[in-house]
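Asker: Dropping a prediction and its sequence here:
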Amino acid sequence: MSSDRRFEYEKGPDLEDEEPITERDDDGDEDEPAGDAPRRGRTRFAVPPWKAGAISGASAFAVVLAATYQLVGAMFAGGMFSGVEEQPSRLVVTGLVTLGSHGATLEQDEEVIRGAFGFIRGLTSHVSALVPIVVLVVAGYLLVRYVRLETRQEAGLALGSLVLCYVLPTAALAAIARWTPEDTGGAQEAETIAVATDLSLVATIGGTALTFVVIGAGIAAVPRLLAATE
């Protein structure tokens, strides 16, 4: 009798030990969504929408300028301006290429350049035009993907500040993007190459920025919209 009782007593703790194991398994299953939640939370930053947009816009401008400056360096290395007695500075050419890549019209002595002026025609290319497109799409995507935007108003404020903080410094390049080639003995006199500084310049850059920022933001918002409909 005593041995049987001891045997039953010893079996009791075994059953009690199995229960917490089952509970831990259940807790583990319940903790999996909680574990996913922190991972998702870590990918979003609680930043004021206008500040996030301003940082994104300024960063996008800096990236575009740096990438274009690198392309201009390749132009100089390839001897694009070797036939010019007084070569322009790389910063000036970077401004012209950047503005031309956004659709701004390059002018020579206040007349639109038609592409028949040799090296001037090479100031814009398909490669340089892709730089702002890629950067703006990525900027819009990252803004919506990693910044916590709860309402449409916050999203509009973030995207609006991004576009504004990108357009203003880009349009300001028109103040320094002016170059007067020296006369090389041809019949044509030296004329200043620049971009017209008027409202059409701001509208052109703003339209380009808004279009591709919205595309990037839309790509980032698609998974969230699909998740909301399920």
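Answerer: Looks like it arrived, so ask away. Numbering: from 1, shown residues only.

Asker: Just give me the residue closest to the centre of the protein.
Answerer: Geometric centre of the chain, nearest residue: residue 139, 2.3 Å, by Cα atoms, centre = their mean.

Asker: residue ranges of the strands in this protein, please?
Answerer: Ranges of strands in the chain, per DSSP state E, are 106-108, 111-112, 193-195.

Asker: Can you add mean neighbour count and distance to residue 170 and give these back as a markdown table?
Answerer: Backbone N, C-alpha and C define where each C-beta goes, glycine included. A markdown table is the format used below for the strands of the chain (neighbours: other Cβ atoms under 10 Å; distance: least, Cβ to Cβ, whole Å):
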| stretch | mean neighbour count | distance to residue 170 |
| --- | --- | --- |
| strand 106-108 | 18 | 15 |
| strand 111-112 | 9 | 20 |
| strand 193-195 | 22 | 11 |
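
Asker: Can you tell me which of those has the worst average pLDDT?
Answerer: Comparing mean pLDDT across these, the lowest value falls on strand 111-112: a mean of 73.

Asker: got a pLDDT number for residue 30?
Answerer: Here, the pLDDT recorded for residue 30 equals 46.

Asker: circling back to that earlier point, adding distance to residue 74, write the strands of the chain out as TSV.
Answerer: Below are the strands of the chain laid out as TSV (distance: least, Cβ to Cβ, whole Å):
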stretch	distance to residue 74
strand 106-108	19
strand 111-112	26
strand 193-195	20
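
Asker: now for the ones you listed, which one comes closest to residue 46?
Answerer: Set against residue 46 and scored by Cβ to Cβ, the strands of the chain come closest in strand 193-195, at 39.8 Å.

Asker: which helices and strands sit right next to the closest one?
Answerer: helix 90-101, strand 106-108 (3 or more Cβ pairs under 8 Å, 6 or more residues apart in numbering; DSSP states H and E).

Asker: And these, which one averages the lowest pLDDT?
Answerer: Lowest mean pLDDT within those: strand 106-108, a mean of 82.

Asker: Single out the most deeply packed of the helices and strands packed on strand 193-195.
Answerer: Counting by mean count of other Cβ atoms under 10 Å, helix 90-101 has the highest mean neighbour count of the helices and strands packed on strand 193-195, with a mean of 23.
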